[in-house]
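> A predicted structure for the sequence below; I have some questions about it.
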Amino acid sequence: MSGRPRKGRPVAFAPITPERPQPDPVLGLKFTIEARHGGTVLVDMTGLDPRPLAIAFAGALRRSAALGGPIGAASVIKQYVQVYRHFFAWLGDDAPEVAGVSDLRAAHIDGFASALERRGMGAIHRHMTVSKIINTLRAIEADRPDRIAPDLHERLRYTLATSAGRSTPRDAYSPFVARALRDAARADVEAMFRRLGADDRTDEDDPVIARARADVEAIIARHGSILTDRVEVRRLYFMRERRGLPFSTLIDDLHGRYHLLASDLPALLVLLTLDTGLEPECLKALNVDCLTNAHAGTVELRYLKRRARGAEHKSMRVRDGGGGTPGGLIRRLIDVTATARKHLPDDRLWVYHNAGGLRAGIRHPTERIDAWVAQHAIVDDDGKPLHLLLSRLRKTHKALWYTKTEGHMARFAVGHSREVAARHYADLPSLRPLHEKAIADAFREAVAAAMPTVLPPAAEQALREAPDQAAPLMPPDIVGPLLDGEQDVWLAACAGFYSSPFAEAGSPCAQPFWGCLDCPNAVITARKLPAILAFLAFVEEQRRGLPASDWAAKFGRVHARITVQVLPAFSDAVIADARQQMESERLYLPPEARA
């Protein structure tokens with residue numbers, strides 16, 4: 001073998017014969033579509049007229065729902081078919097001359113939109129309805145551009161000429177309702193785990209029934225479930241009935257020791273939604289491999305959000321540990337559904353027994369959720385039976401997290417942009433009192449920062465004994481001189497005559513003497529009350545000689561400051577002593593007050 005490299009040879013591939021294009025399987029108006037999410041959908045458009053237009057719409061729908069198309073969910077396919085029915089019904093009444101796609105004009109789209117508006121359909125719903133017709137016609141144009149009229153081609157550039165507006169976000173449930181839901185769900189989940197694998201002792205004293213039950217359980221262990229018409233079940237049913245043992249829920253009792261039941265789903269959905277804030281449709285579509293990258297008491301929860309076009313695969317960090325954490329609860333669910341998954345191979349998390357067999361996935365649990373709420377007698381804030389929506393539970397989780405983070409968007413906006421988090425999850429009616437309180441507190445802080453410091457005698461004495469508490473208003477070494485009157489101005493003692501907020505630093509304060517009542521450097525003690533009362537008497541005397549508007553413009557603010565914020569800080573006895581001192585002494589009133 002030499003050390004020189006061998007000369008390469010060109011690569012030759014076997015010739016590939018392209019497959020012949022398959023004919024469109026849509027030969028009529030009744031066909032099935034295998035949706036990427038949600039299973040098979042039977043599409044029946046045989047009742048739509050005119051038939052050529054219906055065939056064109058049916059073909060466009062099938063192409064849009066194919067792999068790579070914009071429609072992936074079975075529910076969306078059904079929505080399109082429903083909109084087609086409305087559109088064709090309108091065409092039959094208002095545009096009978098339309099026979100095919102080439103007869104459609106822009107006026108027909110606008111006329112259909114106007115008809116929806118006259119029926120009372122809201123702007124957002126109307127926008128979504130018309131968009132389905134627009135999308136279908138765009139798909140037809142992409143396949144056969146020659147079939148679309150020029151004015152309709154221009155009309156397909158937009159959905160509606162008017163804005164769809166903003167939707168009204170669903171409100172969160174109150175903490176009272178959230179607590180009731182969480183407590184009921186947690187109690188049911190704990191009871192469910194105790195039930196799984198427990199022994200049935202209702203018939204342990206009767207060996208005949210025990211043997212009959214063992215026969216049924218052996219079938220469940222072999223096949224995963226058993227139907228009610230099996231002779232073994234019927235025999236056990238009548239045995240229990242004759243002996244007065246419970247029999248009305250026999251099938252659920254038998255399967256409930258091995259599998260989740262459909263009646264377990266509401267509590268699990270409620271608890272996981274409140275704990276994670278995951279979207280209901282994402283929670284119902286979790287797989288058994290959804291947990292990964294456990295670290296420091298948390299685990300990454302991976303899920304699929306189909307409506308996030310281009311970013312469907314998402315993840316979030318959730319607490320992980322015991323069964324009381326979201327990660328721990330999901331791990332336990334994976335474990336207890338492993339038996340059912342042996343008989344029903346499926347990678348979805350939700351595998352349970354319902355209606356005579358094992359089922360995988362959750363579709364429409366509304367009735368069971370309503371029954372669960374009624375079973376626990378959960379009421380709303382008005383004491384009425386609660387109408388539970390899982391989507392509002394997500395808002396409830398967000399509202400509780402918003403309260404915990406005190407509204408800091410950097411911490412609150414998890415999984416959203418700050419704009420979306422603020423618009424859809426922070427701007428909720430249930431959070432309005434919190435926002436109003438925050439605004440009121442901010443105003444109070446702003447006013448307090450601009451107000452003088454009022455020291456009643458007790459507070460003055462405490463400050464003399466602990467001058468360090470005067471920071472940051474003044475250094476501790478000037479507390480004594482200030483309280484002794486060495487820095488007095490007319491209505492207060494000044495803690496910063498050369499650091500006034502109304503003048504440049506280092507220059508003396510140029511405010512009128514009553515400006516001290518609006519200055520944070522001012523310190524008002526009982527020693528200044530006689531001067532303040534004298535000025536108050538002068539202000540009230542001016543009320544009698546000035547028009548109300550002029551008096552309010554000149555003295556209204558300072559009058560309110562004295563009567564509402566300064567005097568209430570002192571006791572009646574201190575004010576009475578100051579008033580007596582004011583009357584016994586002839587206090588000087590600066591000429592600015594009379595200007």
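Received, thanks.
> quick one: contacts for the closest residue to Leu61 other than its chain neighbours?
For Leu61, ignoring the flanking residues on the chain, the nearest one in space by Cβ to Cβ, 6 or more residues apart in numbering is Tyr80 at 5.7 Å. Bear in mind the C-beta positions are built from the backbone N, C-alpha and C, glycine included. When contacts are counted by Cβ atoms under 8 Å, 6 or more residues apart in numbering, Tyr80 touches Leu61, Ile71, Lys132, Thr136.
> which one of these is nearest to Leu265?
Ile71 (27.6 Å; Cβ to Cβ).
> any idea how far the closest one lies from Arg63?
Counting by Cβ to Cβ, to the nearest Å, the gap from Ile71 to Arg63 is 9 Å.
> next one: Gln581
On the measure of Cβ to Cβ, Gln581 and Arg63 end up 95 Å apart.
> and if you look at His223?
According to Cβ to Cβ, His223 stands 42 Å off from Arg63.
> more neighbours: those two, which one.
When His223 and Arg63 are compared for neighbours, Arg63 comes out ahead with 19 against 12, by other Cβ atoms under 10 Å.
> quick one, what contacts that one?
Gly69, Ala139, Asp143.
> how close does the first one sit to Ala35?
Looking back up the chat, that one is Gly69. Applying Cβ to Cβ to Gly69 and Ala35 gives a distance of 10 Å.
> which of these two has more neighbours?
Between Gly69 and Ala35, counted using other Cβ under 10 Å, the more crowded position is Ala35 (18 against 13).
> shouldn't that one be in contact with Ala73?
Yes - contact status for Ala35 versus Ala73: in contact at 6.1 Å, counting by Cβ atoms under 8 Å.
> how many other residues sit next to Ile369?
Neighbours around Ile369, by other Cβ under 10 Å: 19.
> per-residue confidence for it?
pLDDT, Ile369: 93.
> what sits closest to it if chain neighbours are left out?
That would be Pro266: by Cβ to Cβ, 6+ apart, it lies 4.7 Å from Ile369.
> the one you found and Glu367, how far apart?
Distance, Pro266 to Glu367, by Cβ to Cβ: 10 Å.
> need the strands for the stretch 451-595 of the chain, in chain order.
Secondary structure of the stretch 451-595 of the chain (DSSP state E, counting those that start in this stretch): strands located at 453-454, 493-494, 522-524.
> closest to Asp252 out of these?
Short answer: strand 453-454, nearest of the strands of the stretch 451-595 of the chain by Cβ to Cβ, at 70.7 Å.
> which strands and helices sit next to that closest one?
Helices and strands touching strand 453-454, as assessed by 3 or more Cβ pairs under 8 Å, 6 or more residues apart in numbering; DSSP states H and E, comprise strand 522-524.
> grab the nearest non-local neighbour of Leu329.
Per Cβ to Cβ, 6+ apart, closest to Leu329 is Gly323, 5.7 Å.
> show the average pLDDT along stretch 58-66.
93.
> just the CA atoms of it, as CSV, please.
Presented in CSV, the C-alpha positions along stretch 58-66 are these (Å, rounded to 0.1, in the frame of the first residue of the first chain):
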residue,chain,number,x,y,z
ALA,A,58,-63.7,22.1,-1.6
GLY,A,59,-60.5,21.7,-3.6
ALA,A,60,-59.0,24.8,-2.0
LEU,A,61,-59.9,23.6,1.4
ARG,A,62,-58.3,20.2,0.8
ARG,A,63,-55.0,21.8,-0.5
SER,A,64,-54.9,24.3,2.5
ALA,A,65,-55.3,21.4,4.9
ALA,A,66,-52.6,19.3,3.3
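> now do the buried residues in it.
Ala58, Gly59, Ala60, Leu61, Arg62, Arg63, Ser64, Ala65 (16 or more other Cβ atoms under 10 Å).
> the third one contacts Asp143, doesn't it?
Put plainly, it is Ala60. Yes - using Cβ under 8 Å, Ala60 makes contact with Asp143 at a distance of 7.2 Å.
> next SSE downstream of the helix or strand encompassing the residue nearest to Leu61?
Using DSSP states H and E, Tyr80 falls within helix 74-94. Remark: after helix 74-94, the chain's next helix or strand is helix 106-118, criterion DSSP H and E.
> list the contacts of that following helix.
Under Cβ under 8 Å, 6+ apart, the answer for helix 106-118 is 86-87, 90-91, 94-95, 98, 126, 129-130, 133-134, 151-152, 154-155, 160.
> from the chain's centroid, how far away is it?
Computed by Cα atoms, centre = their mean, to the nearest Å, the chain-centroid distance of helix 106-118 equals 34 Å.
> now that helix against helix 74-94, angle please.
Orientation check (axes from the mean of the first three to the mean of the last three Cα atoms, to 10 degrees): helix 106-118 against helix 74-94 gives 100 degrees.
> pull out the buried residues from helix 106-118.
His108, Ile109, Phe112, Ala113, Ala115, Leu116.
> the residue positioned nearest the centre of the chain and Ala54, how far apart?
Compute the mean C-alpha point of the chain, and by Cα atoms, centre = their mean the closest residue is Lys395, 2.6 Å away. Distance, Lys395 to Ala54, by Cβ to Cβ: 41 Å.
> could you pull up the residues touching the residue nearest to Ile369?
Ala185, Pro365, Arg368, Ile369, Ala371, Trp372, Val373.
> residues contacting Arg579?
Pro530, Leu533.
> if we go to 6 Å?
Leu533 (Cβ atoms under 6 Å, 6 or more residues apart in numbering).
> mind giving me the domain ranges of this protein?
Using automatic domain parsing, the domain parsing of the chain gives 30-155, 261-390, 405-446, 451-594.
> how long is the first one end to end?
With Cα to Cα, to the nearest Å as the measure, the ends of domain 30-155 fall 30 Å from one another.
> what's the weakest-modelled helix or strand in the protein?
Least confident element among the helices and strands of the chain, by mean pLDDT, DSSP states H and E: helix 409-412 (a mean of 54).
> hang on, the earlier thing: just the buried ones from the contacts of helix 106-118?
Using 16+ other Cβ under 10 Å as the burial test, the contacts of helix 106-118 include 86-87, 90-91, 98, 126, 129-130, 133-134, 152, 155, 160 as buried.
> reformat the residues you listed as a markdown table; add pLDDT and distance to Ala377.
Converted to a markdown table, those look like this (pLDDT from 0 to 100; distance: Cβ to Cβ, whole Å):
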| residue | pLDDT | distance to Ala377 |
| --- | --- | --- |
| His86 | 96 | 41 |
| Phe87 | 96 | 45 |
| Trp90 | 95 | 46 |
| Leu91 | 95 | 50 |
| Val98 | 93 | 55 |
| Arg126 | 94 | 40 |
| Thr129 | 95 | 39 |
| Val130 | 96 | 44 |
| Ile133 | 96 | 46 |
| Ile134 | 96 | 48 |
| Leu152 | 94 | 57 |
| Arg155 | 94 | 54 |
| Leu160 | 91 | 46 |
